[in-house]
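1. Predicted structure and sequence below. I'll ask about it afterward.
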Amino acid sequence: MQILLALIFGAVVGLAAHFVLPHREVRGVALAPVTGAAAAGVSWTLLTWVGIGFDSPVPWIVSIVAPAVATLVLLPIVSRVRIHADADLRARSGI
């Protein structure tokens, strides 16, 4: 049940990253929250498999840090690729 809280933390961190980082108009609104929730869920699951329980602060801290790192790495890359792809398409289309 605690993994649900980790998923919510990850989605909230991802949503915050969506609004903090530039070029949000070129990426979907769901990309950042889904990325954050996935990073939190995967990290929580891995820590649980390793044997670290929810009574330790480690999974809670990692469920906030992992989504932040994942979204702060992924979103600029996706935005940059999209901007370049759109510019290339405009150039090929003669717009």
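-> Happy to help now that I have it.
2. What is the longest helix along the chain packed up against?
-> Ordering each helix of the chain by length in residues (DSSP state H) puts helix 57-93 first. If contacts are counted by 3 or more C-beta pairs under 8 Å, 6 or more residues apart in numbering; DSSP states H and E, helix 57-93 sits against helix 2-20, helix 31-50. Bear in mind the C-beta positions are built from the backbone N, C-alpha and C, glycine included.
3. Among those helices, which comes closest to residue 68?
-> Shortest distance between residue 68 and these, using C-beta to C-beta, is found for helix 2-20: 5.3 Å.
4. thinking again about what came up before, pLDDT on the longest helix of the chain, on average?
-> Regarding helix 57-93, the rounded mean pLDDT is 96.
5. what's the angle from that helix to helix 2-20?
-> If you take axes from the mean of the first three to the mean of the last three C-alpha atoms, to 10 degrees, helix 57-93 sits at 40 degrees to helix 2-20.
6. Just the buried positions in helix 57-93, please.
-> 59-60, 62-64, 66-68, 70-71, 74-75, 78-79 (16 or more other C-beta atoms under 10 Å).
7. related to what we said a few turns ago, of the helices and strands packed on helix 57-93, give the one that comes closest to residue 94.
-> Nearest to residue 94, of all the helices and strands packed on helix 57-93, is helix 31-50, at 29.8 Å by C-beta to C-beta.
8. quick revisit: same list (the helices and strands packed on helix 57-93) but as CSV, adding mean neighbour count and mean pLDDT.
-> Below are those laid out as CSV (neighbours: other C-beta atoms under 10 Å; pLDDT from 0 to 100):
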stretch, mean neighbour count, mean pLDDT
helix 2-20, 19, 96
helix 31-50, 20, 97
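9. quick one: which of those helices is nearest residue 83?
-> Closest approach to residue 83 among the helices and strands packed on helix 57-93 is made by helix 31-50 (14.7 Å; C-beta to C-beta).
10. Check the offset of the closest one from the chain's centre.
-> In terms of C-alpha atoms, centre = their mean, to the nearest Å, the centre of helix 31-50 is set 9 Å apart from its chain centre.
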